[in-house]
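K.L.:
Next comes the sequence, and after it the predicted model I'd like to discuss.
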Amino acid sequence: MGMYCTLRRVTLDKLESYLEDSHKLEQDFFSNEVTQAPSLDIDKSWDGIIFLLTGSSFENAVENKMSHVILGSASVDENQDLGYGPARYLLPEEVKSLNEKIKAIGIEDLKLRFNPQEMKEQSVYPDIWDEQNSFDYLEEYFVKLQSFFQHASWANEAIVIIIN
């Protein structure tokens, strides 16, 4: 078991329906029906990516706007726990703004930010940073995240994020 992060692209209308009734979000995310909304599972890489973007683990990076790539900017429903807290979201304008920032980050930039010792000291989840391929793991999911944000930006979509 572990803490996995899933991001889903949704229209603004769909997001507004979730904000009106958060049970709709829960039904959409956890139903066995195939969904039409594009989603991205970034496995357990989410806190490592936050570290690469902010220099801090998620617990210390909340005030840094770059952490919103993974943590969103607001909760759908503070009282709804979907595993490790409520679903979070980004509005289409926020998606576009963050997309502009993350698409400018290259792999060499990420390598310079990767600091296994500091990540271990800050207890960056999932505490695998001294393993040989740990940077490759983050790189793989970061590249997917860049593409996901680019497509959401082009489609003028919001993003809903769940860690469970």
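P.N.:
Yep, it's here.
K.L.:
what's around the closest residue to F149 other than its chain neighbours, how many residues?
P.N.:
Excluding the flanking residues, the one nearest F149 by C-beta to C-beta, 6 or more residues apart in numbering is N99, at 4.3 Å. Quick note: C-beta positions are derived from backbone N, CA and C, even for glycine. Residues lying near N99 (other C-beta atoms under 10 Å) number 20.
K.L.:
repeat for H68
P.N.:
Counted with other C-beta under 10 Å, the neighbours of H68 add up to 24.
K.L.:
Against S31, how distant is it?
P.N.:
27 Å (C-beta to C-beta, to the nearest Å).
K.L.:
Then L12?
P.N.:
21 Å.
K.L.:
neighbour count winner among these two?
P.N.:
Remark: of L12 and S31, L12 carries more neighbours, 13 against 9, as counted by other C-beta under 10 Å.
K.L.:
List the residues that contact that one.
P.N.:
Going by C-beta atoms under 8 Å, 6 or more residues apart in numbering, L12 touches 91-92, 156-158.
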